[in-house]
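**Student:** need a 3D model of the sequence below.
(one chain, ligands or ions: 1)
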Amino acid sequence: MPAVLDDVSAEILDLKKRIGATILAHYYQDGEIQALADVTGDSLKLAREATKVDSPVIVFCGVLFMAETAKMLNPKKRVLLPDLQAGCSLVDACPADKLAREQERLRANGRQFQTVCYINSSAKVKALSDWVVTSGNAEDVVRNRVPAGQEILFVPDKHLGAYLRDLTGRDMILWDGSCMVHEIFSVTDLLKMKREHPRAVTIAHPECPRNILEHADFAGGTEAMRKHVGTYREPTTFLVATEANMMWDLQRLHPQHTYLGVPGVSCACNKCPHMARNTLEKVRDCMRDGRPEILWQPEFDKAKEVLTRSLLNPPVAVTPVAEDHPHGD
Ligand code: SF4
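**Tutor:** Down below sits the predicted model:
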């Protein structure tokens, strides 16, 4: 929380009390929004935290699929999203009707498979899937929950899918989708930075393509990155290949380190334009006006079943992996 609040932040805290709201914010939100949140987290943490909220209103500072997930897991709560247009390039890459046609084609060809969808997908795609994963539980689901002998149709992130295929050795059919932020990190700039900072530690999100991951000292989702950085006591330089706002949280948690963002080939800011649609003013306005609100959609019933068994049920025994094995979160 900032020592001196600006007017908009003060209004938000006042509204929070008046309407009975809990603010959940993703690590990819601007620092000024994260600073006001009751809980910050990645998709998995926020989905789980959303089920523990006891206030009548959830203000979800993230993108649409995340707010929909919070609503599905909390049908009785009002879920507000500051900007309903906050989408995701991965969601756009996998329309439900196209997925249904591909599933039908595979079945007609006699393929035995289960569909595993990354949480960055529409509710209709979740409803067509056997499992929903985040980078935090994906390895467990792929290794342990999809029955042996079944192929995996993994949608929509081809880079996360390839990373999981390499990690687990499972047969996977990959959908051709990618995150517009993690897709464009420049390997040329990363190698230049590594030459300039030879002792630096490179951390990368598994949504990055393989040409970035193969130069990373650690690959993992946002929660795993936070934990990994926390294992370094001495001041260390980290080269960070994920959405740039993540560095705000790392700086807050571990200020003794230096964080340098790996630039993208076409955009050096590495900020997600969808996440950036949410501003402090829009957070205030949605709380004041009670909208935009996520309303229950027919596909939420089936999607909720898949989400609940995938994310909320206790995990089955996990095949042990080496201590220093990179894993997503
Ligand atoms: S950072 Fe990528 S995956 Fe995350 S919301 Fe933005 S476009 Fe989607």
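**Student:** separation between the spatially most central residue of the chain and Gly230?
**Tutor:** In the chain, the centroid-proximal residue (Cα atoms, centre = their mean) is Ser43; its distance is 4.4 Å. Distance from Ser43 to Gly230, counting by Cβ to Cβ, to the nearest Å: 20 Å. Using the backbone N, CA and C atoms, a C-beta is placed for each residue, glycine as well.
**Student:** same question, Gln114
**Tutor:** For Gln114 relative to Gly230 (Cβ to Cβ), the value is 35 Å.
**Student:** ok, the two, which is more surrounded?
**Tutor:** Gln114 (17 against 11; other Cβ atoms under 10 Å).
**Student:** pretty sure the residue nearest to the centre of the chain contacts His26?
**Tutor:** Yes: counting by Cβ atoms under 8 Å, Ser43 touches His26, with 7.4 Å between them.
**Student:** joint contacts of the two?
**Tutor:** Gly62, Met66 (Cβ atoms under 8 Å, 6 or more residues apart in numbering).
**Student:** what residues sit buried inside stretch 289-303?
**Tutor:** Pro292, Ile294, Glu299, Phe300, Lys302, Ala303 (16 or more other Cβ atoms under 10 Å).
**Student:** meant to ask about stretch 195-212
**Tutor:** Ala200, Val201, Thr202, Ile203, Ala204, His205, Pro206, Glu207, Cys208, Pro209, Ile212.
**Student:** next step: those restricted to helices.
**Tutor:** Ile212 (DSSP state H).
**Student:** tabulate the buried residues of stretch 195-212 (JSON lines), appending pLDDT and distance to the ligand.
**Tutor:** Formatted as JSON lines, these follow (pLDDT from 0 to 100; distance: Cβ to the nearest ligand atom, whole Å):
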{"residue": "Ala200", "pLDDT": "98", "distance to the ligand": "23"}
{"residue": "Val201", "pLDDT": "98", "distance to the ligand": "22"}
{"residue": "Thr202", "pLDDT": "98", "distance to the ligand": "19"}
{"residue": "Ile203", "pLDDT": "98", "distance to the ligand": "16"}
{"residue": "Ala204", "pLDDT": "97", "distance to the ligand": "14"}
{"residue": "His205", "pLDDT": "96", "distance to the ligand": "9"}
{"residue": "Pro206", "pLDDT": "95", "distance to the ligand": "11"}
{"residue": "Glu207", "pLDDT": "94", "distance to the ligand": "6"}
{"residue": "Cys208", "pLDDT": "96", "distance to the ligand": "11"}
{"residue": "Pro209", "pLDDT": "96", "distance to the ligand": "13"}
{"residue": "Ile212", "pLDDT": "97", "distance to the ligand": "14"}
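**Student:** as JSON lines, the buried residues of stretch 195-212 with distance to Ile12 would be great.
**Tutor:** Shown next, in JSON lines, are these (distance: Cβ to Cβ, whole Å):
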{"residue": "Ala200", "distance to Ile12": "37"}
{"residue": "Val201", "distance to Ile12": "36"}
{"residue": "Thr202", "distance to Ile12": "36"}
{"residue": "Ile203", "distance to Ile12": "31"}
{"residue": "Ala204", "distance to Ile12": "33"}
{"residue": "His205", "distance to Ile12": "29"}
{"residue": "Pro206", "distance to Ile12": "33"}
{"residue": "Glu207", "distance to Ile12": "30"}
{"residue": "Cys208", "distance to Ile12": "33"}
{"residue": "Pro209", "distance to Ile12": "38"}
{"residue": "Ile212", "distance to Ile12": "36"}
